[in-house]
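1. no sequence for this one, just the structure:
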């Protein structure tokens, strides 16, 4: 998955906006004003996504592409090294889950 594919996957979700609030090197996707995904635009592609605390632990233990959330609350966020991903479908599910978690908090 490259940055264009990631963008297309995220932007098609309901109420999603994109912006560069942290500078030109970090693309941020929000739903209803809350961040659900950050992606770097320079260097090897990595994304930060939200997860439940139990999901964070499981992903860190079982998936080499998952790392503690870079510059994020490590209890609720993971960083995914996209160069290590072997199953794009799984990452899309993780992105969907991040989106759902943020949507649920807004209700």
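-> Nice, I can see it. Keep in mind it's a predicted model, so treat the numbers as computed, not measured. Numbers count the residues shown, from 1 in each chain.
2. wait, what's in contact with the most centrally placed residue in the chain?
-> Nearest residue to the geometric centre of the chain (CA atoms, centre = their mean): residue 49, 2.8 Å. Residue 49 makes contacts with 36, 37, 77, 78, 80, 94, 95, 97, 98, as judged by CB atoms under 8 Å, 6 or more residues apart in numbering. Using the backbone N, CA and C atoms, a C-beta is placed for each residue, glycine as well.
3. Let's have those residues in TSV, adding neighbour count, pLDDT and distance to residue 53.
-> What follows is the contacts of residue 49, written out as TSV (neighbours: other CB atoms under 10 Å; pLDDT from 0 to 100; distance: CB to CB, whole Å):
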residue	neighbour count	pLDDT	distance to residue 53
36	25	97	16
37	25	97	18
77	19	96	10
78	25	97	11
80	24	97	17
94	22	97	15
95	22	98	18
97	16	97	13
98	25	97	14
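4. what ranges do the strands span in the protein?
-> Ranges of strands in the chain, per DSSP state E, are 16-19, 26-31, 34-40, 46-50, 66-68, 77-81.
5. hmm, back to that, so for the residue nearest to the centre of the chain, what's the nearest residue that isn't a sequence neighbour?
-> Spatial nearest neighbour of residue 49, chain neighbours left out: residue 98 (4.0 Å); criterion: CB to CB, 6 or more residues apart in numbering.
6. quick one: the one you found from residue 13, how far?
-> 10 Å (CB to CB, to the nearest Å).
7. before we move on, what about residue 69?
-> Taking CB to CB, one finds residue 69 at 21 Å from residue 13.
8. Give me the angle between the helix or strand of the chain with the lowest mean pLDDT and strand 46-50.
-> Least confident helix or strand of the chain, by mean pLDDT, DSSP states H and E, is helix 88-106 with a mean of 92. Counting by axes from the mean of the first three to the mean of the last three CA atoms, to 10 degrees, helix 88-106 points 40 degrees away from the direction of strand 46-50.
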